[in-house]
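Visitor: Structure for the following, please:
(2 chains)
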Amino acid sequence: MGERTTIDARGAFCPGPLLELIAALKLGQIGDEFDILSSDKGSVTDIPEWCKKVNHEFLGTTEHQGYWSVLVKKAK
Amino acid sequence: MAGNGLFILLCSGEHEKIQMAAMMASVAAVSERPVQVFVSMNAILAFAADVPPSGRYRGGEFSRLLQEKNAPDAISLFRQGRELGDLKMWACSMALDIQHWEMGGLVKGLFNGPLGLTKFLSDAETGQFVTL
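Guide: Reported below is the predicted structural model:
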């Protein structure tokens, strides 16, 4: 099982959270999970769509007070 | 597999349009689309070397808000697109000539080189074309 990394991108504006996720994914191993915390509500739709397009695995979104947690698994 | 190319012709010196070009270019590039940006007219003035972000942009209400709220700087977004994806940036050779600028007069490490409009238009026949 891969490692899980939390990326706190709260306060960053679009497309900051996505770009932070991608930078982290580049450094990770296949199977690693990345939990990105974002206060940008566009991330809730943008990150799953990006995962679908480039073939990473979107594991789900959890809403918190004023931000979202979006979980992604590096698949390639 | 790389998707259909995105070609952005950036002419406006308005901060809001430069910001949108940077957002589109960076997101498309990291989404495995090859992107080319051709910078000309007033837009090239925003890419002058050694100018701080506070003096780089001219715009309206959203320009003020983007800077006040520390939105990602357009130059940084273009850089991230280049680092994380297939993004090429070209400086219009005509705009450089008019300004009497060489490539050294532009932000360092951002542009692939000078290019003529004819070559850019020819390359753009294969992809999606956006003008800002």
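
Visitor: Not counting residues beside it along the chain, what's closest to residue 73?
Guide: Just going to use chain A. Of all residues not flanking residue A:73 in the chain, residue A:57 sits nearest, at 4.0 Å (CB to CB, 6 or more residues apart in numbering or on different chains). Glycine gets a C-beta too; all of them are placed from N, C-alpha and C.

Visitor: Chain B was what I was after
Guide: With sequence-adjacent residues excluded and distances taken as CB to CB, 6+ apart, residue B:73 is closest to residue B:53, at 5.2 Å.

Visitor: how about the residue nearest to residue A:73, what does it touch?
Guide: Residue A:57 makes contact with A:51, A:72-75, according to CB atoms under 8 Å, 6 or more residues apart in numbering or on different chains.

Visitor: Which one (most neighbours) among those residues?
Guide: Sorting those by how many neighbours each has (other CB atoms under 10 Å in any protein chain shown) puts residue A:72 first, at 25 neighbours.

Visitor: confidence score at that one?
Guide: For residue A:72, the pLDDT comes out at 97.

Visitor: what about it, is that helix, strand or coil?
Guide: strand (DSSP: H, G, I helix; E, B strand; the rest coil).

Visitor: Pull out the buried positions in the worst-scoring helix or strand of chain B on mean pLDDT.
Guide: Of all regular secondary-structure elements in chain B, judged by mean pLDDT, DSSP states H and E, the least confident is helix B:53-56 with a mean of 81. Going by neighbour count (16 or more other CB atoms under 10 Å in any protein chain shown), the buried part of helix B:53-56 is residue B:56.

Visitor: Repeat that for stretch B:80-100.
Guide: When burial is assessed from 16+ other CB under 10 Å, stretch B:80-100 yields the following buried residues: B:80-82, B:84-92, B:95-96.

Visitor: can you give me the end-to-end distance of that stretch?
Guide: Stretch B:80-100 has an end-to-end distance of 28 Å (CA to CA, to the nearest Å).

Visitor: tell me the mean pLDDT for it?
Guide: The model assigns stretch B:80-100 a mean pLDDT of 94.

Visitor: anything in that stretch sitting right up against chain A?
Guide: Yes - when contact is scored as CB under 8 Å from any CB of the partner chain, part of stretch B:80-100 falls within range of chain A: B:80, B:84.

Visitor: Would you mind pulling the contact partners of that stretch?
Guide: Applying CB under 8 Å, 6+ apart, the external contacts of stretch B:80-100 come out as A:19, A:22-23, A:26, B:2, B:22, B:25-41, B:44, B:47, B:78, B:101-103, B:105-106, B:110-117, B:120.

Visitor: so how far is that stretch from its chain's centroid?
Guide: If you compare the mean C-alpha spot of stretch B:80-100 with that of the full chain, they lie 6 Å apart, counting by CA atoms, centre = their mean, to the nearest Å.

Visitor: okay but residue B:132 is in contact with residue B:13, surely?
Guide: No - here residue B:132 does not reach residue B:13: they are 10.7 Å apart, not a contact under CB atoms under 8 Å.
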